[in-house]
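Peer 1: Structure for the following, please:
(chains A, B, C and D)
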Protein chains: 2
Amino acid sequence: MTNKLNLNNLTKSEEDYLKAIFQLLIEDDSVKVGNNQLADYLKVSPASTNNMIKKLKTKGYVVSEKYGKLDLTEEGKSIAVRLIRKHRLWETFLCNYLNFTWDEVHDVAEQLEHIKSRKLIDELDRFMDFPKKDPHGEMIPNANGDYSIIPKIMLSSLSEGDVCQLVAVNDGSVHFLKYVSEIGLALSSEIKILEVREFDKSIRIKFDNIIETVTRKFADNVFVKKVV
Amino acid sequence: MTNKLNLNNLTKSEEDYLKAIFQLLIEDDSVKVGNNQLADYLKVSPASTNNMIKKLKTKGYVVSEKYGKLDLTEEGKSIAVRLIRKHRLWETFLCNYLNFTWDEVHDVAEQLEHIKSRKLIDELDRFMDFPKKDPHGEMIPNANGDYSIIPKIMLSSLSEGDVCQLVAVNDGSVHFLKYVSEIGLALSSEIKILEVREFDKSIRIKFDNIIETVTRKFADNVFVKKVV
DNA sequence: TTAATTTGTTAGTCATGGCTAACTTTTTTA
DNA sequence: TAAAAAAGTTAGCCATGACTAACAAATTAA
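Peer 2: Below is the predicted model of the structure:
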């Protein structure tokens, strides 16, 4: 166990890159991540990512061959998971204790996740009594960095008559989160699929006695577990 | 009331400089602050401070003449006070809710004070029920930026027989804070001056039935209010 | 009041992490 | 399979905020 004393002397940028690569890797499972794709995701130029990738390779967090796709080393993954842990714990804190709403937490958590203090985050975890999920329904990695991914079923993959429960939402866009809140959906909402329209794949759903029509794009960002 | 929408688009460095100038200005009341002094305080070269001062002058936060001393504009002061507010609120949170001790909070608060979110800090304030003092006994500026300084009496300024109460400690050094904790002093401790030794100005004090001898340097960093 | 010392300034360098423009390699598709 | 498109790379530039070395002004001391 060559558990090298992880000094975590990473810049904010380096951390952002590692987290981004990790997110892209797990998002589109088993599909490898490319340089331009990463640039796109981080909203920087491909030249910038190329540069940073080089640096992260020499530091031993990223692996890739010239003109090849990107992957993370164990060390790289471990750092990314710790960032995700911090991000989600802060989001939970903001929502549950500081009156933030679903859609307000992301930007602030994005800043807070870079605060460097092991004790801070572990104590925050304890203070909230070790929450398992963040406000968007995503699992919070524990202090050991165990990252369990619950298989995500998209609402859009269900058929008429199915009943499901909202377990998570894609927190990538504030507009989307606002929309979800506004129509009244919440974690654990029970949703029944009334109709899937062939024409544009829009879906008519019912929850809490509310009937709504949502687009395919919307349904792709809502994750559920099947009940019936 | 030209209350210009303060976008607060300042870098971490710019914030650090403004706060440092403010601290130096109020520390040595009415004594003006020089460039080298600032460099010393921030542990950077005089060339660096000179550079940054130029920038902060053009941005309208600092005023000074060539080869002259430094002062802050109202805008500059207001930013510094908000940073101090954030710093002290975070310190309070760390101590009162996350099991941090007196001497552990500074470094983390130094990072947290740069998080940009008005809502975050005001909600944190509310969550803790608007604390008036931080763990070191310093006043916490309120959301309006009202910064009331309690006149600080140094323990070293008292005479034999005086009784006083600990109201604050200088939080500039971790070693000092550790020392204070270790001998058992706490905020509100009642301290009696038993003896002031002429030879080296060391002071024999009694508190909570503990008798200790402290150096002049120590006593210069302990602030009290007189009781008898 | 001149000399020494301290304080402040300027010029020029470096690392980080962005950028554009031009180029090369790989992949797609016609 | 050859041309077009997409993806990846390189070179060279910029701003920020550090630095050192050299110099100028102001202050202190002899």
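Peer 1: by contact count, what packs against the least confident helix or strand in chain A by mean pLDDT?
Peer 2: Ranked by mean pLDDT, DSSP states H and E, the weakest helix or strand in chain A is helix A:174-183, scoring a mean of 85. Packing partners of helix A:174-183 (3 or more Cβ pairs under 8 Å, 6 or more residues apart in numbering or on different chains; DSSP states H and E): helix A:105-112, strand A:163-169, strand A:210-214. For every residue, glycine as well, the C-beta is placed using N, CA and C.
Peer 1: for the residue lying closest to residue A:38 once chain neighbours are set aside, helix, strand, or coil?
Peer 2: Excluding its sequence neighbours, the residue lying closest to residue A:38 (Cβ to Cβ, 6 or more residues apart in numbering or on different chains) is residue A:49, at 4.9 Å. Using DSSP: H, G, I helix; E, B strand; the rest coil, the structure places residue A:49 in helix.
Peer 1: Could you check the pLDDT of residue A:49?
Peer 2: pLDDT for residue A:49: 98.
Peer 1: How about residue A:2?
Peer 2: Residue A:2 is assigned 41 on the pLDDT scale.
Peer 1: Next: residue A:5.
Peer 2: If you check residue A:5, the pLDDT there is 44.
Peer 1: Around DNA strand C, which positions in chain A sit nearby?
Peer 2: Taking Cβ under 7 Å from any atom of the strand as the criterion, chain A approaches DNA strand C at residues A:11-14, A:16, A:43-48, A:51-52, A:55, A:67.
Peer 1: now the helix or strand following the least confident helix or strand of chain A against strand A:210-214, angle please.
Peer 2: Using DSSP states H and E, the helix or strand that follows helix A:174-183 in sequence is strand A:190-196. Here the directions of strand A:190-196 and strand A:210-214 differ by 50 degrees (axes from the mean of the first three to the mean of the last three Cα atoms, to 10 degrees).
Peer 1: What is strand A:190-196 packed up against?
Peer 2: Short answer (3+ Cβ pairs under 8 Å, 6+ apart): strand A:190-196 packs on strand A:163-169, strand A:203-207.
Peer 1: To residue B:91, which of these lies closest?
Peer 2: Checking the helices and strands packed on strand A:190-196 against residue B:91 by Cβ to Cβ gives strand A:163-169 as the closest, at 34.9 Å.
Peer 1: per-residue confidence for residue A:30?
Peer 2: Model confidence at residue A:30, given as pLDDT, is 60.
Peer 1: what sits against the closest residue in space to residue A:69 that isn't next to it in sequence?
Peer 2: Residue nearest to residue A:69 in three dimensions, not counting chain neighbours: residue A:32, with 3.4 Å by Cβ to Cβ, 6+ apart. Counting by Cβ atoms under 8 Å, 6 or more residues apart in numbering or on different chains, residue A:32 touches A:25, A:69, A:70, A:71.
Peer 1: And the residue nearest to residue A:38, how close does it get to DNA strand D?
Peer 2: 7 Å (Cβ to the nearest atom of the strand, to the nearest Å).
Peer 1: Next, work out how far apart that residue and chain B are.
Peer 2: Per Cβ to the nearest Cβ, to the nearest Å, residue A:49 is found 23 Å from chain B.
Peer 1: What ranges does chain A have for its helices?
Peer 2: Listed in chain order, the helices of chain A (DSSP state H) span A:12-27, A:35-42, A:46-58, A:74-97, A:105-112, A:118-127, A:174-183, A:216-220.
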